[in-house]
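> Have a look at this prediction, sequence included:
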Amino acid sequence: MHKGNGNGGFTSDVLLDDDRVIGVTVDERIVALNAGSGAEVWSFPIGSDKRRVGMSAALADGRVFFGSANGAVYAIDARRGTQIWKRQLDAPTSTAIAVSGDSIIVGTEPKKLYRLRASDGRVLATLDLSNAPDDEATPVVNKRGTYVVSEKEVMLIDPELRRVVWHVESKNMWTSPRPRLWRGWVVVGDRQGTVYALDEATGSVAWSQSVHNKAIRGIGSDESSLYIGTIDGRVVALRR
């Protein structure tokens, strides 16, 4: 068991890279632990004064990518914990990182998305949005583009980050920060405990189902079922 240094624990996705697990603490340290013993292998302090919950890093090709409250995006060598590059953006990041081929996608607080080249952090494209991505939002990428959730909208952005292909508004506020791609649908949940399945290509509602009377926060899946987590600690298995 690994014990932290008192500055805060992991509240993000935990990434597995060979014999190491990698996560981000609330005080924005990126930490790699030995998967077998829990011993700290390396730690990379970002140096941000703001404590943030739920902001996850991404892992691809031996590099850890993370966007910080200080407005910078970092690429860290996953084995050594050393900085490969740093790209300063216009404002604090407001989403987790999504990897899309040889580029990464991240949102910033003034309602903007960036596409950066993964090899060196060069800005390849930016897109202004009508609504800011939700705090803790995790964009999800497939061949159609990037799916992003805000409190008011679920959006599909084209792969080159040039335009919003479609957007769907919620009457009750979307509360699941990571859209789940499942069986050709984009599955999201709202504040009233209703699950919606949106067509990946068009955003049209394929079906919806109320599963609880509290806000939906997490959605997982396997081949046969969806697993819905609510803010009050309930998990509901839904088979379609």
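Thanks, I have it.

> need the contact list for Gly193.
210-216, 230 (C-beta atoms under 8 Å, 6 or more residues apart in numbering). The C-beta positions use only the backbone N, C-alpha and C, and glycine is treated the same way.

> Show me just the buried residues among these.
211-212, 215-216, 230 (16 or more other C-beta atoms under 10 Å).

> For Arg162, state which of these is nearest.
Ile216 (30.8 Å; C-beta to C-beta).

> Can you check what pLDDT the model gives the most centrally placed residue in the chain?
A centroid search over the chain (C-alpha atoms, centre = their mean) returns Thr138, at 2.0 Å, as the residue closest to the centre. Per-residue confidence (pLDDT) for Thr138: 89.

> Isn't it up against Ala57?
No. With contact defined as C-beta atoms under 8 Å, Thr138 does not reach Ala57; the gap is 10.8 Å.

> Spit out the residues that contact those two alike.
13, 96.

> ok, the residue nearest to the centre of the chain - contacts?
Thr138 touches 13, 56, 95-96, 98, 177-178, counting by C-beta under 8 Å, 6+ apart.

> Pull the residues that contact stretch 37-47.
With C-beta under 8 Å, 6+ apart, stretch 37-47 has contacts from 1-2, 20, 28-34, 66, 68, 70, 72, 74, 76, 80-83.

> Which pair of the buried ones among the contacts of Gly193 spans the longest distance?
It's Val211 and Ala215 that sit farthest apart of the buried ones among the contacts of Gly193, by C-beta to C-beta, at 11.3 Å.
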